[in-house]
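[1] A structural model of the following input is requested.
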Amino acid sequence: MDREVTDRLAAAREQAWSIPIDELNVADAELFRSDTMWPYFERLRREAPVHYCRESEFGPYWSITKYNDIMAIDTNHEVFSSEGGITIVDPKDDFRLPMFIAMDPPKHDAQRKVVSPIVAGPNLENLEPIIRERAGNILDALPTGETFDWVDKVSIELTTMTLATLFDFPWEDRRKLTRWSDVATASPKSGIIESEEARRAELFECADYFMRLWNERVNAPPKGDLISMLAHGESTRNMDRMEFLGNLILLIVGGNDTTRNTISGSVVALNLFPQQYDKLRQRPELVPGMVCETIRWQTPLAHMRRRAKRDMEFGGKTIRVGDKVVMWYVSGNRDEEVIENPNAFIIDRPNVRRHLSFGFGIHRCVGNRLAELQLKIIWEEIFKRFSNIEVMAEPRRVLSTFVHGYETLPVRLAAA
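    Model prediction:
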């Protein structure tokens, strides 16, 4: 397997550096599924950190690939707007899903404020023992000495349980949240859905299911779950169906995909860097640093996009009004000028929280502390039970330029 990976990366490097720079297109989901996008981003950082791609399946777009440039775009919402979508894929005119992350102030600020208390400090303190108990139960049910899928048995299970609690979602149906998250970000090429029409049908099923919960809670006293918050929030209680669905998808994907892929990514990284795994076994107090390093190294959402609200000179180039601007977090987190030895996984790295994965500015990930908490807890509980998690074969990665994650990860456990 290792030789196959090495050969694949070598071929990708040769290809990445042979294409005329004007023709280079990093928005190819196959590069992400094969984990071969790295040399393409390396070349862009070196030769064209502000790069215009004229032709792609998503239309023309600018790539922003260096750490400081990404931060400058991300913190300038006055010029670079989130309205209309946050991914390189443009929504269809007949299926636009407004959501607060794809809004500018003041509406963004008002809607974000409605849900932010659920991931504030006091609620995280209440959630911590619940997450810890569930993590322990999940790990106790795992087999030792035989191969199983870590993504399904651990990463999805823990994050879906947490998400169900945040929504106060019917427990027996919680895996619907996983399915809707996958469907929301999938393309017909992924094998998850058969067509765009099938995707829409499933997402409308999601809207109908949640509308039943909404109708129950809007007529009851306000409670601390996300549906009750939305139903009683001044800026969210009168949303139409598409905006309701849009904000649901935002909360489901944000609460599910990102954390589950960092949980899986931590296992992948520690197997690729066994000296770091040894260090972590010897010094489990380094788990919080490992958590932050995983979030940087994995970068669970590969990009966010903006649109220019006016012409602007940036990085020696002229970005025109209406242009699509893609901030490649996955590249900025490997920027050699900001992060020393960025391709390495170093759990006690200085300034380990210095990463782009949660974004910056008004759209910084609202649930970042909850994501860190789940990853910290699962590893604290792992060390109570297992001496080793061995990756048995190469993981199958998600076919997406947005969700940077894993479909399957075969592993075998050794008891402590």
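
[2] give the contact list for the spatially closest residue to Arg334 that is not a sequence neighbour.
    Distances taken as Cβ to Cβ, 6 or more residues apart in numbering place Pro342 nearest to Arg334, at 4.3 Å, with adjacent residues excluded. Backbone N, C-alpha and C define where each C-beta goes, glycine included. Residues near Pro342 by Cβ atoms under 8 Å, 6 or more residues apart in numbering: 333-336.

[3] now Arg307, what's its secondary structure?
    strand (DSSP: H, G, I helix; E, B strand; the rest coil).

[4] likewise the one 3 residues further on?
    Three-state assignment for Arg310 (three-state DSSP): coil.

[5] check contacts around it.
    So, once contact is read as Cβ under 8 Å, 6+ apart, Arg310 ends up touching 79, 321.

[6] measure it to Tyr61 for me?
    18 Å (Cβ to Cβ, to the nearest Å).

[7] next one: Ser18
    22 Å.

[8] okay, these two: which has more neighbours?
    Counted by other Cβ atoms under 10 Å, Ser18 and Tyr61 do not tie: Tyr61 has more neighbours, with 20 against 7.

[9] pretty sure the more buried one is touching Leu24, no?
    No: shown here, Tyr61 and Leu24 do not form a contact pair, counting by Cβ atoms under 8 Å, at 12.0 Å.

[10] so Thr165 touches Asn123, yeah?
    No: contact criterion Cβ under 8 Å: Thr165 and Asn123 do not qualify, at 10.3 Å.

[11] which residues in the stretch 201-350 of the chain form helices?
    226-232, 241-272, 274-282, 287-298, 329-332 (DSSP state H, counting those that start in this stretch).

[12] Can you say which of these is nearest to Asp104?
    For the helices of the stretch 201-350 of the chain, the distance to Asp104 is smallest for helix 241-272, at 14.9 Å, taking Cβ to Cβ.

[13] what about the closest one, distance to the chain center?
    5 Å (Cα atoms, centre = their mean, to the nearest Å).

[14] for it, which positions count as buried?
    243-271 (16 or more other Cβ atoms under 10 Å).

[15] How about stretch 194-210?
    Buried-residue list, stretch 194-210, by 16+ other Cβ under 10 Å: 199, 202-203, 206-207, 209-210.

[16] could you dump those to JSON lines with pLDDT and distance to Val183?
    JSON lines is the format used below for the buried residues of stretch 194-210 (pLDDT from 0 to 100; distance: Cβ to Cβ, whole Å):
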{"residue": "Arg199", "pLDDT": "89", "distance to Val183": "6"}
{"residue": "Glu202", "pLDDT": "95", "distance to Val183": "5"}
{"residue": "Leu203", "pLDDT": "94", "distance to Val183": "6"}
{"residue": "Cys206", "pLDDT": "95", "distance to Val183": "8"}
{"residue": "Ala207", "pLDDT": "95", "distance to Val183": "12"}
{"residue": "Tyr209", "pLDDT": "96", "distance to Val183": "13"}
{"residue": "Phe210", "pLDDT": "95", "distance to Val183": "14"}
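
[17] just curious, which of those is nearest to Leu177?
    Taking those together and measuring to Leu177 by Cβ to Cβ, the closest member is Cys206, at 8.8 Å.

[18] for that closest one, what are its contacts?
    Listed by Cβ under 8 Å, 6+ apart, the contact set of Cys206 reads 176, 180, 245, 248-249, 252.

[19] Against Leu230, how distant is Val115?
    For Val115, the distance to Leu230 - Cβ to Cβ - is 7 Å.

[20] Could you report the distance from Glu55 to Glu394?
    31 Å.

[21] now do Glu128
    Glu128 sits 34 Å away from Glu394, going by Cβ to Cβ.

[22] ditto for Leu245
    According to Cβ to Cβ, Leu245 and Glu394 sit 36 Å apart.

[23] same thing with Gly265?
    Taken as Cβ to Cβ, the span from Gly265 to Glu394 is 14 Å.

[24] Gly59 too?
    Gly59 is 33 Å from Glu394, by Cβ to Cβ.

[25] neighbour-wise, which of the two wins?
    Between Gly59 and Glu394, Glu394 has the larger neighbour count (other Cβ under 10 Å), namely 16 against 13.

[26] Pull the contacting residues for Tyr40.
    Neighbour list for Tyr40: 12, 16, 24, 26, 31 [criterion: Cβ under 8 Å, 6+ apart].

[27] Am I right that it sits in a strand?
    No: using three-state DSSP, the secondary structure at Tyr40 is helix, not a strand.

[28] Mind pulling the model confidence for it?
    Among the per-residue scores, Tyr40 holds a pLDDT of 97.

[29] What of Asn215?
    94.

[30] tally of neighbours for it?
    Around Asn215 there are 12 residues (other Cβ under 10 Å).

[31] Likewise for Glu30?
    11.

[32] my guess is it contacts Leu399, does it?
    Yes: between Glu30 and Leu399 there is a contact under Cβ under 8 Å: 7.3 Å.

[33] picking that back up, looking at Val115 and Leu230, which is more packed in?
    Leu230 (24 against 20).

[34] Which residues are in contact with the more buried one?
    Per Cβ under 8 Å, 6+ apart, neighbours of Leu230: 114-115, 214, 236-237, 239, 244, 247.

[35] 7 Å instead, please
    114, 236, 247 (Cβ atoms under 7 Å, 6 or more residues apart in numbering).

[36] do the same with Leu44
    Counted by Cβ under 7 Å, 6+ apart, Leu44 has contacts 24, 26, 51, 63, 65, 331.

[37] mind redoing it with 10 Å?
    By Cβ atoms under 10 Å, 6 or more residues apart in numbering, Leu44 lies in contact with 16, 21, 24, 26, 50-51, 53, 63-66, 328, 331.

[38] And for Glu390?
    Counted by Cβ under 10 Å, 6+ apart, Glu390 has contacts 147, 267, 271, 410-414.

[39] Quick check: bridge partners of it?
    Arg412 (DSSP bridges).
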